[in-house]
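show me the folded form of this:
(2 chains)
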Amino acid sequence: GAVVSQHPSRVICKSGTSVKIECRSLDFQATTMFWYRQFPKQSLMLMATSNEGSKATYEQGVEKDKFLINHASLTLSTLTVTSAHPEDSSFYICSASLAGGRSYEQYFGPGTRLTVT
Amino acid sequence: QQQVKQSPQSLIVQKGGISIINCAYENTAFDYFPWYQQFPGKGPALLIAIRPDVSEKKEGRFTISFNKSAKQFSLHIMDSQPGDSATYFCAASNSGNKLVFGAGTILRVKS
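Here you go, the predicted model:
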């Protein structure tokens, strides 16, 4: 149980275009989903926290107009990188925590490798 | 106060040996301490986690030791195997809110 999927797993886009990444909890409902980015050989950096039906909370230094997050249902959150530039190239990972406050565990998706050319 | 300091940065262990990774935190409000394992190009996978009401938790070959007074916790991997070679992250959170991650430890188990 507690499986999180991401789509796509890899994406290459041209500079200036937008890219949408989906995060789905497959076998549980997730009240809260988190979005991270990870640079090579570094730790995970939290970008934002999203709760179903409400606006995302962004970490300091993360541009909310550039990284649009939507959490439309208890099983789906999306991250849209708008007007992507090469410096946005990174590994983006989402995680989800179980609904109802029964558990503190966060389950991570497999990640999406974004390359902006 | 929000930092979690992890050491060592990298670790080489012989097959069958014990791998030990340490983490320290400052925020006494943290009440959940998970360890994650990450293989290259993959998302982190939850290995084992502990709450501060116990000093040790064991699951198979993985053990977390927790020292509340010292604000430290560690991961022990017994009988380490080449398949355990990965990056390990400790983390901490307050009541299931956002996780604060350590910097990671690259473990290599030599066969």
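
going by C-alpha atoms from here, please, whenever you check contacts or count neighbours.
Noted.

where does chain B have low pLDDT?
B:1 (pLDDT under 70).

write out the residues of it neighbouring chain A.
For chain B, the residues found near chain A under the criterion C-alpha under 8 Å from any C-alpha of the partner chain are B:32, B:41-46, B:89, B:95-98, B:101-104.

most widely separated two among these?
Across those, the longest distance by C-alpha to C-alpha is 29.3 Å; it joins B:Gly41 and B:Ser95.

how close does B:Ala70 sit to chain A?
Separation of B:Ala70 from chain A (C-alpha to the nearest C-alpha, to the nearest Å): 23 Å.

which SS class is that residue?
Counting by DSSP: H, G, I helix; E, B strand; the rest coil, the backbone at B:Ala70 sits in coil.

what about it, distance to B:Cys23?
Noted for B:Ala70: a distance of 11 Å to B:Cys23, by C-alpha to C-alpha, to the nearest Å.

between these two, which one's more packed in?
B:Cys23 (24 against 10; other C-alpha atoms under 10 Å in any protein chain shown).

that one - nearest residue in space that isn't next to it in sequence?
Excluding the flanking residues, the one nearest B:Cys23 by C-alpha to C-alpha, 6 or more residues apart in numbering or on different chains is B:Gln6, at 4.4 Å.

quick one: strands adjacent to the helix or strand containing the one you found?
Using DSSP states H and E, B:Gln6 sits in strand B:4-7. According to DSSP bridges, strand B:4-7 has the following sheet partners: strand B:19-25 (antiparallel).

which parts of chain B are strands?
According to DSSP state E, chain B carries its strands in the segments B:4-7, B:10-14, B:19-25, B:33-38, B:45-50, B:56-59, B:62-67, B:72-77, B:86-92, B:100-101, B:105-110.

most tightly surrounded among these?
Highest mean neighbour count among the strands of chain B (mean count of other C-alpha atoms under 10 Å in any protein chain shown): strand B:86-92, with a mean of 26.

partners of that one, with directions?
Partners of strand B:86-92 in the sheet, by DSSP bridges, are strand B:33-38 (antiparallel), strand B:100-101 (antiparallel), strand B:105-110 (antiparallel).

got a list of contacts for the shortest one?
The list of residues contacting strand B:100-101 from outside it, by C-alpha atoms under 8 Å, 6 or more residues apart in numbering or on different chains, reads A:43-44, B:2-4, B:89-93.

same thing but at 10 Å, please
Under the contact criterion C-alpha atoms under 10 Å, 6 or more residues apart in numbering or on different chains, strand B:100-101 has outside partners A:43-46, B:2-6, B:23, B:25, B:30, B:33-36, B:89-94.

the most centrally placed residue in chain A pairs with what?
Geometric centre of chain A, nearest residue: A:Trp35, 3.5 Å, by C-alpha atoms, centre = their mean. Beta-bridge pairing for A:Trp35 (DSSP bridges): A:Ala48, A:Cys94.

so how far is chain B from it?
Going from A:Trp35 to chain B by C-alpha to the nearest C-alpha gives 10 Å.

repeat for A:Lys64
For A:Lys64, the distance to chain B (C-alpha to the nearest C-alpha) stands at 18 Å.

so which bits of chain A are right by chain B?
When proximity is defined as C-alpha under 10 Å from any C-alpha of the partner chain, chain A approaches chain B at A:4, A:6, A:9, A:32-34, A:38, A:40-46, A:48-49, A:91-95, A:97-98, A:101-113.
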